[in-house]
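J.: Need a 3D model of the sequence below.
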Amino acid sequence: MSDEPVPGRALLHPVALSCLGLMVLNDQVLKWACPGVLTGKLSDVAGLVFFPLLLVSVWEWSAWLAGRPPHAPRAVVWGAVVFTASGFAAIQVSEVAAWAWTWGLGLLQAPIRGTWQPVVHTMDPTDLIALPAAGVALILTRE
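T.: Numbers count the residues shown, from 1 in each chain. As a prediction, this is how the structure comes out:
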């Protein structure tokens, strides 16, 4: 077995996989079955854990495809965490950022939906309580 780093390995961590599953379950089932504060925050926490790991994995795969070692430096991990937390905070408190988010995500979903329409997003400054979850990526990517 090789000791070479595997690109995207952070996405295979049980915490990352659990967060992905929780986001899907929460957004597709729980929010509709039992709406409330808890279901409103579950996806926020799960997304803040998962998204920096996704960004780090994209960086690692890009490096690997370019023939470079696929290990993300700490600066890349920190950048992914800061980018995720900043973007999340912006869409909770800025109407312009929220508008861009709804239409941008709608564009990404257009091939699946068959139409380009904005996603539903409710600005909620109380969601900022979930921001520390983005730091989990710093722990999961440590060696």
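J.: How far off centre is stretch 84-92?
T.: On the basis of C-alpha atoms, centre = their mean, to the nearest Å, stretch 84-92 sits 11 Å off its chain's mean C-alpha point.
J.: What are the buried residues along that stretch?
T.: For stretch 84-92, burial by neighbour count (16 or more other C-beta atoms under 10 Å) applies to Thr84, Ala85, Phe88, Ala89, Ile91, Gln92. From N, CA and C alone the C-beta is placed, and that goes for glycine too.
J.: Ends of stretch 58-72, what's the gap?
T.: Terminal residues of stretch 58-72 lie 10 Å apart, using C-alpha to C-alpha, to the nearest Å.
J.: buried residues in that stretch?
T.: Trp59, Glu60, Ala63, Trp64, Pro70, His71, Ala72.
J.: Just put the buried residues of stretch 84-92 in a markdown table and tack on pLDDT.
T.: A markdown table is the format used below for the buried residues of stretch 84-92 (pLDDT from 0 to 100):
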| residue | pLDDT |
| --- | --- |
| Thr84 | 98 |
| Ala85 | 98 |
| Phe88 | 97 |
| Ala89 | 98 |
| Ile91 | 97 |
| Gln92 | 97 |
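J.: So which of these are in helices?
T.: If you go by DSSP state H, these have Thr84, Ala85, Phe88, Ala89, Ile91, Gln92 in helices.
J.: sec struct for the residue most central in space within the chain, please.
T.: Taking C-alpha atoms, centre = their mean as the criterion, Phe51 is the residue nearest the geometric centre of the chain, at 2.0 Å. State at Phe51, reduced to three classes by DSSP: H, G, I helix; E, B strand; the rest coil: helix.
J.: just Leu38 next, same as before
T.: helix.
J.: packing partners for the helix or strand where Val81 lies?
T.: Under the criterion of DSSP states H and E, Val81 resides in helix 74-93. If you count contacts as 3 or more C-beta pairs under 8 Å, 6 or more residues apart in numbering; DSSP states H and E, helix 74-93 packs onto helix 37-65, helix 95-113, helix 136-140.
J.: Now do that helix against helix 37-65, angle only.
T.: 140 degrees (axes from the mean of the first three to the mean of the last three C-alpha atoms, to 10 degrees).
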